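[1] Sequence and predicted structure, then a few things I'm wondering about:
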Amino acid sequence: MSNNSPTIFAQELANELDKIPEQYWSNLLQIIRLFRESVTPESENHSQDSAIVEAIEDLGLVHAMLEVKHEKPLSLQEALAEMERA
């Protein structure tokens, strides 16, 4: 990894996640949590909670953006019609 930027890191992590079949994601999440617990001193565990939640949310957003990056935007009429079908 050439850049320590959280955005770049989240993007690289999302790219790696795309290469892993979804059925293994829960196992990967367990591994990540165990790793975090092993490298975080007990006194810091609670103070880090918001940062961890934010990082996971950022990763989720990056992954969602990657999933829709090739989709064609709908016109207003198309979006309204799609909402009525739902």
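    Happy to help now that I have it. Numbers count the residues shown, from 1 in each chain.
[2] And the pLDDT for Phe9?
    pLDDT, Phe9: 84.
[3] so where does the residue lying farthest from the centre of the chain fall, helix or strand?
    Residue farthest from the centre of the chain, counting by Cα atoms, centre = their mean, is Gln77 at 31.0 Å. In this structure, Gln77 sits in helix 76-85 according to DSSP states H and E.
[4] Could you list every helix and strand in contact with that helix?
    On a contact count with 3 or more Cβ pairs under 8 Å, 6 or more residues apart in numbering; DSSP states H and E, helix 76-85 meets no helix or strand. For glycine as for every other residue, the C-beta is placed from the backbone atoms N, C-alpha and C.
[5] And the contacts of that helix?
    The contact list for helix 76-85 (Cβ atoms under 8 Å, 6 or more residues apart in numbering) reads Leu74.
[6] Let me see the mean pLDDT of that helix.
    Here the average pLDDT along helix 76-85 is 89.
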